[in-house]
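>>> just a sequence and a predicted model for now, questions to come.
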Amino acid sequence: MLEREAGVPLLERSGRRVVLTPAGRTLVTHADAVLERLELAVSELAGAREGIGGPLRIGTFPSGGPAIVPATLAELARRHPALQPMVQEIDSARVSDGLRAGELDVALVHDYDFVPASPDTTVDQVPLLEEPMYLATGAATDTDPARGPAARGDTLAELLGPWATTPWITARDGTTGHAMAVRACQAAGFQPRIRHQVNDFRTVLALAAIGQGAGFVPEMATAPAPENVVLTRLPLFRRSKVAFRAGGGTHPAIAAFVAAARTAVAPRAVPPY
């Protein structure tokens with residue numbers, strides 16, 4: 001029906017798949033713009049109401065749960081007690097789909113060096129926090145257990161090289177954390193020999209403490225660290241952001257969430273765009 005209205009083919013077969021034609025891709029671009037305008041209209045209507053309240057569906061990556069979410073919700077409750085936050089864990093790679101489908105209103109997401117976020121015109125993001133990554137190893141496998149954070153000028157190859165033949169602990173395959181770990185090791189000149197795949201940074205630290213391998217953890221997940229864990233600061237960073245549907249940044253509830261999240265992570269929050 002839509003092809004009849006448009007007067008041109010919108011889909012074509014490519015092997016066993018169906019893909020958009022150039023006209024179809026143009027139509028999708030216009031659809032994104034229409035959805036953004038609709039989101040702006042919804043935000044303006046919400047702003048005309050008295051007070052901020054009702055359900056707010058929040059997505060968060062797992063380590064954002066204990067580190068950011070409780071303090072953010074406490075701040076929201078203090079400022080806007082009529083809001084009803086509803087939190088669910090979700091991998092950052094699935095957030096865009098959740099926002100577009102209306103399953104989420106706002107979400108905490110992150111990206112890493114070596115794994116930048118993919119461009120998405122249907123989702124807007126504002127920066128929240130930038131934190132360094134650390135290498136976690138067991139004291140018994142560290143060539144110099146007394147070594148502190150990486151000295152200025154240390155390269156990734158110098159810092160990771162000593163563990164090129166060590167088993168590694170990474171996030172599960174298909175996650176941004178897994179991709180970051182593999183690409184960081186490759187940039188240091190070796191392919192990691194992955195033994196364990198876990199998404200919980202507390203488990204990464206616990207496994208490293210008993211000599212089960214080396215792994216990467218962000219700064220917010222380093223405390224409290226188990227005994228026998230050596231943490232070496234790396235020239236790598238993770239950036240946390242707040243994501244929402246394009247055009248939704250002026251919605252009172254979403255703006256309130258962004259403000260509360262910034263208060264929760266202060267003074268480490270990065271400046272707004």
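In hand now; what should we look at? In this text the structure is predicted, and so the values were computed from the model without any measurement.

>>> chain neighbours aside, what residue packs nearest to Ala93?
Distances taken as C-beta to C-beta, 6 or more residues apart in numbering place Thr176 nearest to Ala93, at 6.2 Å, with adjacent residues excluded. Where C-beta positions appear, they are placed from N, C-alpha and C, glycine not excepted.

>>> which residues sit in contact with that neighbour?
Applying C-beta atoms under 8 Å, 6 or more residues apart in numbering, we find Thr176 in contact with 91-93, 110-112, 115.

>>> could you find the closest non-adjacent residue to Ala179?
Nearest to Ala179 is Val115, by C-beta to C-beta, 6+ apart, at 4.8 Å.

>>> residues near that neighbour, how many?
If you count neighbours by other C-beta atoms under 10 Å, Val115 ends up with 21.

>>> that one bridge partners, please.
Tyr112 (DSSP bridges).

>>> who touches it in this structure?
176, 179-180, 183.

>>> swap the cut-off to 10 Å and go again
Val115 makes contact with 92-93, 175-184, 238 under the criterion C-beta atoms under 10 Å, 6 or more residues apart in numbering.

>>> okay, buried residues for the helix or strand where Leu128 lies please.
Element membership for Leu128 (DSSP states H and E) is strand 123-138. Using 16 or more other C-beta atoms under 10 Å as the test for burial, strand 123-138 gives 123-126, 128-129, 131, 133-138.

>>> can you list those residues in a markdown table and add distance to Val106 and pLDDT?
Below are the buried residues of strand 123-138 laid out as a markdown table (distance: C-beta to C-beta, whole Å; pLDDT from 0 to 100):
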| residue | distance to Val106 | pLDDT |
| --- | --- | --- |
| Val123 | 11 | 93 |
| Asp124 | 10 | 94 |
| Gln125 | 11 | 94 |
| Val126 | 10 | 95 |
| Leu128 | 12 | 94 |
| Leu129 | 15 | 92 |
| Glu131 | 21 | 94 |
| Met133 | 25 | 97 |
| Tyr134 | 28 | 97 |
| Leu135 | 32 | 97 |
| Ala136 | 31 | 97 |
| Thr137 | 36 | 96 |
| Gly138 | 39 | 94 |
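
>>> need those in JSON lines with distance to Met220, can you?
What follows is those, written out as JSON lines (distance: C-beta to C-beta, whole Å):
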{"residue": "Val123", "distance to Met220": "23"}
{"residue": "Asp124", "distance to Met220": "24"}
{"residue": "Gln125", "distance to Met220": "19"}
{"residue": "Val126", "distance to Met220": "18"}
{"residue": "Leu128", "distance to Met220": "11"}
{"residue": "Leu129", "distance to Met220": "8"}
{"residue": "Glu131", "distance to Met220": "6"}
{"residue": "Met133", "distance to Met220": "11"}
{"residue": "Tyr134", "distance to Met220": "10"}
{"residue": "Leu135", "distance to Met220": "16"}
{"residue": "Ala136", "distance to Met220": "14"}
{"residue": "Thr137", "distance to Met220": "19"}
{"residue": "Gly138", "distance to Met220": "21"}
